[in-house]
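Engineer: here is a sequence together with a model predicted from it:
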Amino acid sequence: GAGVSQSPRYKVAKRGQDVALRCDPISGHVSLFWYQQALGQGPEFLTYFQNEAQLDKSGLPSDRFFAERPEGSVSTLKIQRTQQEDSAVYLCASSLGTSGTEAFFGQGTRLTVV
Amino acid sequence: AQSVTQPDIHITVSEGASLELRCNYSYGATPYLFWYVQSPGQGLQLLLKYFSGDTLVQGIKGFEAEFKRSQSSFNLRKPSVHWSDAAEYFCAVVSMDSNYQLIWGAGTKLIIKP
């Protein structure tokens, strides 16, 4: 497709369960971002990839969060041992360039931890 | 720390009326500023952006925004709103610590009265 695709759209996880969220960026986009959006809030930065290199993971809230982009295209955000506070919408975005260029967002994955 | 403030959590306007959504930022240098719209079930869509030059920026869907350095503001305007404009609007600025990370306001929910 032409846009950023995220799957699944919705995920319900039991507390303690591991989850994996997938992002298919726009083909050819160098930069890929993950953001976390809590209910009623703006997105918060999690991590940034330039091609396959994870250049910034400063926003990952704990070592239970892990992201990868092994071939510089599809990315996976993994959350281990989910907690209730992990409930949020996880947004993926990609952009053609590496600085200040327009980021295109996917529809997000809504994670609910019960 | 760098921040973006959207002082209005909700705004209600009548269809056909004019709209102004406020955004204030804290930043030392000339910022890269964005407005995004998020409709229910949709991803974030870029409305417009300001990098430099003319301080009045035109965007999609009839929106415009004006960068005022003296007021540290980047308010979004539309002369006549349509029911389809009902959505959440986010102002964002590129982080001065990195040239790729976006720092977001908490959003303003726009409600349209028929």
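Structural biologist: Cool, got the structure.

Engineer: which residues of chain B lie near chain A?
Structural biologist: Within chain B, the positions near chain A by Cβ under 8 Å from any Cβ of the partner chain are B:4, B:32, B:36, B:41-46, B:49, B:51, B:90, B:92, B:94-95, B:98-107. C-beta here means a position set from N, CA and C on the backbone, and glycine is covered the same way.

Engineer: burial measure for the residue in chain A that chain B sits nearest to, as a count.
Structural biologist: In chain A, the residue that lies nearest chain B is A:Gly42 (3.2 Å; Cβ to the nearest Cβ). For A:Gly42, the neighbour count with other Cβ atoms under 10 Å in any protein chain shown is 22.

Engineer: might one say that it is in contact with B:Trp104?
Structural biologist: Yes: using Cβ atoms under 8 Å, A:Gly42 is in contact with B:Trp104, at 3.2 Å.

Engineer: overlap of the contact sets of these two?
Structural biologist: Contact criterion Cβ atoms under 8 Å, 6 or more residues apart in numbering or on different chains; residues shared by A:Gly42 and B:Trp104: B:4, B:90, B:92.

Engineer: any stretches of chain B with poor pLDDT?
Structural biologist: For chain B, the stretches with pLDDT under 70 are B:28.

Engineer: just the strands in it please.
Structural biologist: Per DSSP state E, chain B carries strands over the ranges B:3-5, B:10-14, B:19-21, B:24-26, B:33-38, B:44-50, B:56-58, B:64-68, B:73-78, B:87-94, B:102-104, B:108-113.

Engineer: mean neighbour count and distance to A:Ala88 for those - can I get that in JSON lines?
Structural biologist: Output for these, formatted as JSON lines (neighbours: other Cβ atoms under 10 Å in any protein chain shown; distance: least, Cβ to Cβ, whole Å):
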{"stretch": "strand B:3-5", "mean neighbour count": "16", "distance to A:Ala88": "19"}
{"stretch": "strand B:10-14", "mean neighbour count": "13", "distance to A:Ala88": "21"}
{"stretch": "strand B:19-21", "mean neighbour count": "18", "distance to A:Ala88": "24"}
{"stretch": "strand B:24-26", "mean neighbour count": "17", "distance to A:Ala88": "24"}
{"stretch": "strand B:33-38", "mean neighbour count": "24", "distance to A:Ala88": "14"}
{"stretch": "strand B:44-50", "mean neighbour count": "20", "distance to A:Ala88": "15"}
{"stretch": "strand B:56-58", "mean neighbour count": "14", "distance to A:Ala88": "31"}
{"stretch": "strand B:64-68", "mean neighbour count": "18", "distance to A:Ala88": "28"}
{"stretch": "strand B:73-78", "mean neighbour count": "20", "distance to A:Ala88": "25"}
{"stretch": "strand B:87-94", "mean neighbour count": "23", "distance to A:Ala88": "15"}
{"stretch": "strand B:102-104", "mean neighbour count": "23", "distance to A:Ala88": "14"}
{"stretch": "strand B:108-113", "mean neighbour count": "16", "distance to A:Ala88": "18"}
